[in-house]
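1. All I have is the shape, not the residue letters:
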């Protein structure tokens, strides 16, 4: 039985068609990169972070979820009923990476135009502008808006038609830290009201404390999807512990630890080591060390991505998708 109300994408695939002219057929095309047999379920009230290398297929997948790109294989269903592309589009609001809002037209006029195009009521635009915090700026011209306000307007347009799923491609681009923080609170409010939010961003640090689950994408394939804790467990990722104390740890204790990092600043010594030493805290206290910090360091999203793909940090930013999708090992599975 399918999860009630969830949107399920089953074995979906898409390949870009690239120009490959021949002397006998100048319009010939070849298959490029894309998405391969991907399964994903979107639950209302959850925020999913889509994380991948450059060229991994994030934008392609977002456009497939939104119904902008057709499915070359697989299907979408809701409550055990398959959805056609038009039905999918009616359920999803899409906020693209960048909309160039400019000119003397006001926010109110812009929202009215989009509402009429989508068959929505004018009253609904007022409610949406209140939700995104732009109602008091409804008569402001587009060219007078800050980048944060432009992104809020893009979000407002995506919310027309009361979508069940909200898809956002790089929503934090060009925003300052204050605007990003306010935008993240807005997204959490929308999720708390039952909307499923799918977000892709190269600002991985901004996703860390925002998303409920992570989808790891690489070369058009979903390597894993779940909470950070579950992905950490599946990847065999060891937690690390940070401890800051008033003096250097003596050699008899150091010998039993796997020290990853040690820095000394004035009278403070900071150590990072793997978390396989539950007895260490008691030992340090018994021997008279004054401990100012003791905390578990969870893996960052970039570390999870490195572990899932086998790439190092330097390669993560440089790895662009190739024209053919290479079978990869998925979490808990064997390499095909």
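-> Nice, thanks for sending it over. The structure presented is a predicted model; accordingly, all values stated were derived computationally and were not measured.

2. Tell me where the protein is predicted with low confidence.
-> 1-4, 276, 317-336 (pLDDT under 70).

3. quick check: longest helix of it.
-> As assigned by DSSP state H, the longest helix anywhere in the chain is helix 177-192.

4. Residues touching it, excluding its own?
-> Helix 177-192 is contacted by residues 45-47, 131-133, 146-148, 151-152, 155, 159, 166, 168, 171-172, 175, 197, 199, 203, 206, 210, 212 when judged by CB atoms under 8 Å, 6 or more residues apart in numbering. Any C-beta I mention is one placed from the backbone N, CA and C, and that applies to glycine too.

5. Likewise for stretch 151-160?
-> Residues outside stretch 151-160 that contact it (CB under 8 Å, 6+ apart) are 93-96, 99, 101, 107, 110-111, 114-115, 118, 120, 124-125, 128-129, 131-134, 142, 145, 166-168, 171-175, 179, 183, 186, 190.

6. Need the residue closest to the centroid of the protein.
-> residue 49 (2.3 Å; CA atoms, centre = their mean).

7. residue boundaries of the strands in the chain?
-> Taking DSSP state E as the test, the strands found in the chain are 7-19, 29-42, 47-52, 73-78, 81-82, 92-95, 165-169, 196-200, 213-218, 221-226, 240-245, 259-265, 268-274, 291-297.

8. Quick one: closest of the ones you listed to residue 304.
-> Nearest of the strands of the chain to residue 304, taken as CB to CB: strand 213-218 at 6.8 Å.

9. neighbouring contacts of that closest one?
-> So strand 213-218 is contacted by 40, 46-53, 56-58, 61, 207, 222-228, 231, 301, 304-305, 308-309, 328 (CB under 8 Å, 6+ apart).

10. hmm, try it at 7 Å
-> Residues outside strand 213-218 that contact it (CB atoms under 7 Å, 6 or more residues apart in numbering): 40, 46, 48-53, 56-58, 61, 222-228, 231, 301, 304-305, 308-309, 328.

11. just stretch 250-270 next, same as before
-> The set of residues external to stretch 250-270 that reach it, using CB under 7 Å, 6+ apart, is 240, 242, 244-248, 271-274, 277, 283.

12. which among those residues end up buried?
-> Buried by 16 or more other CB atoms under 10 Å: 240, 242, 244-245, 271, 273, out of the contacts of stretch 250-270.

13. Nearest to residue 81 among those residues?
-> For the buried ones among the contacts of stretch 250-270, the nearest to residue 81 is residue 240 (46.1 Å; CB to CB).

14. Please name the residues that touch the closest one.
-> 260, 272-275, 297.

15. With distance to residue 86 added, can I get the residues you listed in a markdown table?
-> Conversion of these to a markdown table gives the following (distance: CB to CB, whole Å):
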| residue | distance to residue 86 |
| --- | --- |
| 260 | 53 |
| 272 | 53 |
| 273 | 56 |
| 274 | 52 |
| 275 | 51 |
| 297 | 47 |
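
16. tilt between the longest helix of the chain and strand 165-169?
-> Relative orientation of helix 177-192 and strand 165-169, computed by axes from the mean of the first three to the mean of the last three CA atoms, to 10 degrees: 160 degrees.

17. quick one: buried residues of helix 177-192?
-> For helix 177-192, burial by neighbour count (16+ other CB under 10 Å) applies to 179-180, 183-184, 186-187, 190-191.

18. How far off centre is it?
-> Its chain's C-alpha centre and that of helix 177-192 lie 14 Å apart, by CA atoms, centre = their mean, to the nearest Å.

19. Please apply the same query to stretch 41-61.
-> The answer for stretch 41-61 is 5 Å, by CA atoms, centre = their mean.

20. Report how far apart the opening and closing residues of it are.
-> Using CA to CA, to the nearest Å, one end of stretch 41-61 lies 13 Å from the other.

21. Ok, stretch 102-110 next?
-> 11 Å.

22. who touches that stretch?
-> Contacts for stretch 102-110 (CB under 7 Å, 6+ apart): 129, 134, 137-143, 153.

23. Repeat the analysis, applying 6 Å as the threshold.
-> Outside stretch 102-110, the residues that touch it by CB atoms under 6 Å, 6 or more residues apart in numbering are 134, 138-143.

24. same check, this time on stretch 40-51
-> Against stretch 40-51 from outside (CB under 6 Å, 6+ apart): 5-9, 58, 165, 191, 194, 196-200, 207, 211-216, 301, 305.

25. Whichever of the residues you listed end up buried, select them in ChimeraX.
-> Command for ChimeraX that selects the buried part of the contacts of stretch 40-51, burial taken from 16+ other CB under 10 Å:
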select :6,7,8,9,58,165,191,196,197,198,199,200,207,211,212,213,214,215,216,301,305
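
26. Could you list the domains of this protein?
-> 7-101+145-234, 240-297 (automatic domain parsing).

27. Redo those domains as a markdown table? Include distance to residue 314.
-> Shown next, in a markdown table, are the domains of the chain (distance: least, CB to CB, whole Å):
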| stretch | distance to residue 314 |
| --- | --- |
| domain 7-101+145-234 | 12 |
| domain 240-297 | 19 |
